[in-house]
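Chemist: All I have is the shape, not the residue letters:
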DNA sequence: CCATTTACCTACCGTGTCAATAGGTTATTT
DNA sequence: AAATAACCTATTGACACGGTAGGTAAATGG
């Protein structure tokens, strides 16, 4: 299940790409267009800045902006940064996960195969595919 | 993310298939082999009985049993019964979900495509593929 | 008939995440 | 100085997750 963090982040990226005119776009406008609580979006967008996905600028004339060309963003990257991991099970999501049953686990190969499938799907989609 | 409900259910099914000798298998044995709390498994296994995945029998000599041939079980069916839905977003998981932005949603087609991918993957896997 | 075994049932609980709100501070421009 | 907008800290209510506890009902063996 993809949470609002990932989904809203994706919609912000799309909004920024669609309204990309060189200047910064205030969150107020994005929140209004996307019909998402501005206060809640602040939290998500702040993380997007910290993750290096977008640029933020304070003060009058400030707002947010893409820091790459839209076609250089990959959906999987955005989702993974916001969701933490796209893996279906804890033993794959957490690299340091210890499981004594690992060698004998009958289901692990399936989760691994599925994990690869998910990864390939979202990393094969660019932001521009959503415009 | 697949929760323990779905994962444990799958392991119980595998255990039942591997130890399928015609008689009922007590949960105590399954819990011991799988190293899962028996008390917690009770909850999950009860739901599996209610869902019609397995048979339960009380009393001495009782326990649980598959009610179909192992090759007639599909992983997707088991997971979906236990997890409720495998859909990545609420607007697809809940059939009665209302969204005013549906027609304009730029991301919906991607979620739909991904949903189909997930569905096809797990419905293409049989229980016997995990033995 | 009684003890044992086993499933089945109801209730509760601690922790954590999700989605959001509230209110204030800093930075920047006009 | 005023306005704008990002940034920061704290809090909240609801809910799911993963489990525990203790008891009841059903079936069997001796």
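Modeler: Now that the structure is in, tell me what you want to look at. Just so you know, these numbers come straight off a predicted model, no measurement behind them.

Chemist: separation between the closest residue to DNA strand D within chain A and chain B?
Modeler: Per CB to the nearest atom of the strand, residue A:56 is where chain A lies closest to DNA strand D, at 2.9 Å. The way it works is simple: take the backbone N, C-alpha and C, and place the C-beta from them, glycine included. Separation of residue A:56 from chain B (CB to the nearest CB, to the nearest Å): 23 Å.

Chemist: so who does that residue touch?
Modeler: By CB atoms under 8 Å, 6 or more residues apart in numbering or on different chains, the contact set of residue A:56 is A:45-46, A:49, A:62-64.

Chemist: again, 6 Å this time
Modeler: When contacts are counted by CB atoms under 6 Å, 6 or more residues apart in numbering or on different chains, residue A:56 touches A:49, A:64.

Chemist: Wait, a strand at it?
Modeler: Yes: under DSSP: H, G, I helix; E, B strand; the rest coil, residue A:56 falls within a strand.

Chemist: That one bridge partners, please.
Modeler: Taking DSSP bridges as the rule, residue A:56 bridges to residue A:64.

Chemist: With residue B:41 as the reference, measure out to it.
Modeler: Distance, residue A:56 to residue B:41, by CB to CB, to the nearest Å: 49 Å.

Chemist: Not counting sequence-adjacent ones, nearest residue to residue A:63?
Modeler: residue A:24 (3.5 Å; CB to CB, 6 or more residues apart in numbering or on different chains).

Chemist: just residue A:77 next, same as before
Modeler: residue A:123 (7.3 Å).

Chemist: Look up how far residue A:83 lies from the one you found.
Modeler: Separation of residue A:123 from residue A:83 (CB to CB) stands at 14 Å.

Chemist: Then residue A:44?
Modeler: Counting by CB to CB - residue A:44 and residue A:83 are separated by 11 Å.

Chemist: Of residue A:123 and residue A:83, which one has the most company?
Modeler: Shown here are residue A:123 and residue A:83; by other CB atoms under 10 Å in any protein chain shown, residue A:83 has more neighbours (18 against 15).
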